[in-house]
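>>> I would like to see how this sequence folds:
(one chain, ligands or ions: 2)
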Amino acid sequence: MKILIIGTGYVGATTAMVFAEIGWQVTGLDIDAGKIQRLRQGRLHFHEPGLEDMIAKHVKSSRLQFTTDKETAIKEHDVIFLCVGTPSLPDGSADLRYIGQAAKDIGRSMKGYKLIVTKSTVPVGTQEQIKKWIAAAQQEAIPFDVASNPEFLREGKAVEDALRPDRIVIGTDSQRATEQLQRLYSSFVCPWIITKPRTAELIKYASNSFLATKISYMNELAKLCDELEVNVKEIAEGMGLDPRIGSSFLQAGLGYGGSCFPKDVSELVMTSRKHHVNLRILEGVIEVNRTQYTYLLDKARLRLGGFAGKNITVLGLAFKPDTDDIREAPAIRIIDQLLLEQANVQLFDPIAALPGHASYRAVKVCSSAEEALRGSEAIILCTEWPEFGQLDWKKAKRLLRQPNFFDGRNMLDAKRMRGIGYYYQGIGGDH
Ligand SMILES: NC(=O)C1=CN([C@@H]2O[C@H](COP(=O)(O)OP(=O)(O)OC[C@H]3O[C@@H](n4cnc5c(N)ncnc54)[C@H](O)[C@@H]3O)[C@@H](O)[C@H]2O)C=CC1
Ligand SMILES: O=C(O)[C@H]1O[C@H](OP(=O)(O)OP(=O)(O)OC[C@H]2O[C@@H](n3ccc(=O)[nH]c3=O)[C@H](O)[C@@H]2O)[C@H](O)[C@@H](O)[C@@H]1O
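Numbering: from 1, shown residues only. Ligands and ions are numbered 1, 2, ... in the order given. From the prediction side, this is the model:
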């Protein structure tokens, strides 16, 4: 079986690598010629630890190829994975235009049987719609199957997660599709769920929304912890030891960002509304997250007596460490607010860059944490890059105008920071 991957972003590039790694012949297709040009040279257009080397290895051995020629690629491949983006529309529901376009391209170009597998996160019922798009675009009726195979990888850990998934979910009505996918993934040892298309689609949204719920719950609890002078990190530790709760996703902070949680929770709420079901918990999860970043800003504003004219250091821009992805990053909201209140923003992130908008011209983008700390009146840590934990904060204090530290990820040790003379505040994590 020859595999075609449509869309070579985080999920597409990682999926292409995985299938090449387990011995299949793979082609990656994208409409963005610049991305394809880089990938052909074994270079990635985003930061993902370990992925570039693996891609380069398989490009060199010709097991992995890249193209922009959709017509030929669709004709020549038996199994086609859809890995295009499904961003949010303004009302919060998923924008299926890229899925629709890819489905129509497949319908137009296919000359024989194809299995189309959706890895993109798509709303419940999309598989039925994909079938309609493909069939409507065909010049003559050619058989095909569609399966849902949601992806659960995390950015920053994509290689590890995709090579060792904790489950494989397949949603299809076709026995032929199930057997083909079982062959494709035969070298993976993990639980399988083979189910109805709608179930597979909902498992993905339900998983992301549940993880987001854990985070918003801890973020609300963190505010109570501040009032009670209790450390939320200890609460998380005490809760997490119960295997029914689990220790992951209990870190309070500036709220969840990234290209998936915000859009997927919104989409699930929109789907539920369409079906006249009120997912009140998820509406609360969204609301807590929407305003979470303001909690730390309020503390900083109060301490400084306003931001106007103050030098504020923002440490970290990416929505989490080990990625250069800034989609829905809380740091961006914080910078926007600081600029609105006329602060002088000094930013450092090890790899992520600000968008090219004119509104960010006022930000001083620094090439080291030390440079960003010089003359600072308050530090706001937005991303828990390990190097911020390793910095010599005693020495760094000499660079500052005022040692005010607002830790948006509860990363540093409150007692130690106060011991070396910082005014230190976290989010429920500094008691
Ligand atoms: N980023 C992540 O960590 C994860 C993402 N997902 C889901 O996977 C999907 C893809 O996400 P990302 O990889 O982050 O998106 P992305 O935005 O990084 O990549 C999508 C790619 O598809 C290409 N594309 C769009 N239309 C195309 C077409 N008609 N033909 C060929 N290429 C086309 C774009 O040029 C882009 O390179 C989304 O539905 C997302 O929710 C699921 C799990 C993890
Ligand atoms: O569907 C997706 O795209 C993916 O979304 C998330 O992966 P990702 O967005 O890469 O990042 P996470 O590690 O889940 O973090 C998301 C956000 O939550 C925040 N977070 C995470 C954990 C925590 O305890 N507290 C917390 O605030 C992070 O800082 C980050 O902003 C899921 O973890 C993946 O399983 C899923 O495949």
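
>>> which parts of this protein sit against ligand 2?
121, 151-155, 208, 211, 215, 249-251, 253, 256-258, 260-261, 319-320 (C-beta under 6 Å from any ligand atom). In this view, the C-beta of every residue, glycine as well, is placed from N, C-alpha and C.

>>> pull out the buried members of these.
Restricting the residues of the chain next to ligand 2 to buried positions leaves 121, 151-155, 208, 211, 215, 249-251, 253, 256-258, 260-261, 319-320, with burial counted as 16 or more other C-beta atoms under 10 Å.

>>> which members of the residues of the chain next to ligand 2 occur in helices, if any?
208, 211, 215, 261 (DSSP state H).

>>> dump the host helix or strand of Lys263 to CSV, restricted to CA.
Counting by DSSP states H and E, the element that carries Lys263 is helix 261-274. As requested, the backbone C-alpha atoms of helix 261-274 are provided in CSV (Å, rounded to 0.1, in the frame of the first residue of the first chain):
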residue,chain,number,x,y,z
PHE,A,261,-7.9,23.0,23.0
PRO,A,262,-9.5,26.4,22.4
LYS,A,263,-11.0,25.5,19.0
ASP,A,264,-12.0,22.0,19.9
VAL,A,265,-13.8,22.9,23.1
SER,A,266,-15.7,25.7,21.2
GLU,A,267,-16.7,23.3,18.5
LEU,A,268,-18.0,20.7,20.9
VAL,A,269,-20.1,23.4,22.6
MET,A,270,-21.4,24.5,19.1
THR,A,271,-22.3,20.9,18.2
SER,A,272,-24.1,20.4,21.5
ARG,A,273,-26.1,23.6,20.9
LYS,A,274,-27.1,22.4,17.5
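
>>> for the residue in the chain that ligand 1 sits nearest to, what are its contacts?
Closest contact between the chain and ligand 1, by C-beta to the nearest ligand atom, is at Gly9 (1.9 Å). Residues near Gly9 by C-beta atoms under 8 Å, 6 or more residues apart in numbering: 46, 83-85.

>>> just Leu254 next, same as before
292-293, 296, 330-331, 334, 382, 408-409, 427.

>>> ok, now with 10 Å
219, 289, 292-297, 316, 319, 329-331, 333-334, 380-383, 407-409, 427 (C-beta atoms under 10 Å, 6 or more residues apart in numbering).

>>> show the buried residues in those residues.
Buried among the contacts of Leu254 (16+ other C-beta under 10 Å): 219, 289, 292-293, 295-297, 316, 319, 329-331, 333-334, 380-383, 407-409, 427.

>>> I'd like to know which of those are part of helices.
Filtering the buried ones among the contacts of Leu254 for helices - DSSP H - leaves 219, 289, 292-293, 295-297, 330-331, 333-334.

>>> which one of those is nearest Gly34?
Ala331 (26.1 Å; C-beta to C-beta).

>>> can you give me the helices for the stretch 51-200 of the chain?
51-60, 70-76, 97-109, 126-137, 158-163, 175-184, 197-228 (DSSP state H, counting those that start in this stretch).

>>> averaged pLDDT, the longest one. What do you get?
Looking at helix 197-228 alone, the average pLDDT works out to 98.

>>> okay, how far is it across stretch 267-284, tip to tip?
This stretch, stretch 267-284, spans 14 Å end to end (C-alpha to C-alpha, to the nearest Å).

>>> for the spatially closest residue to Gly257 that is not a sequence neighbour, give its distance to Tyr256.
Spatial nearest neighbour of Gly257, excluding adjacent residues (C-beta to C-beta, 6 or more residues apart in numbering): Phe319 at 3.5 Å. Distance, Phe319 to Tyr256, using C-beta to C-beta, to the nearest Å: 8 Å.

>>> who touches both of these two?
Contacts common to Phe319 and Tyr256, judged by C-beta under 10 Å, 6+ apart, are 262, 328, 330.

>>> for the first one, grab the count of nearby residues.
A total of 22 residues lie near Pro262 under the criterion other C-beta atoms under 10 Å.

>>> for it, give me its contacts.
Contacts of Pro262 by C-beta under 10 Å, 6+ apart are 88, 92, 208, 212, 255-256, 286, 289-290, 319, 327-328.

>>> can I get those in JSON lines including distance to ligand 1?
Below are those laid out as JSON lines (distance: C-beta to the nearest ligand atom, whole Å):
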{"residue": "Ser88", "distance to ligand 1": "10"}
{"residue": "Gly92", "distance to ligand 1": "14"}
{"residue": "Asn208", "distance to ligand 1": "8"}
{"residue": "Ala212", "distance to ligand 1": "13"}
{"residue": "Gly255", "distance to ligand 1": "18"}
{"residue": "Tyr256", "distance to ligand 1": "13"}
{"residue": "Ile286", "distance to ligand 1": "17"}
{"residue": "Asn289", "distance to ligand 1": "17"}
{"residue": "Arg290", "distance to ligand 1": "20"}
{"residue": "Phe319", "distance to ligand 1": "11"}
{"residue": "Arg327", "distance to ligand 1": "8"}
{"residue": "Glu328", "distance to ligand 1": "12"}
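
>>> all strands for the protein, in order.
For the chain, the strands defined by DSSP state E occupy 2-6, 25-29, 64-67, 79-82, 114-118, 144-148, 168-171, 192-195, 311-315, 344-348, 364-365, 378-381, 404-407, 423-425.
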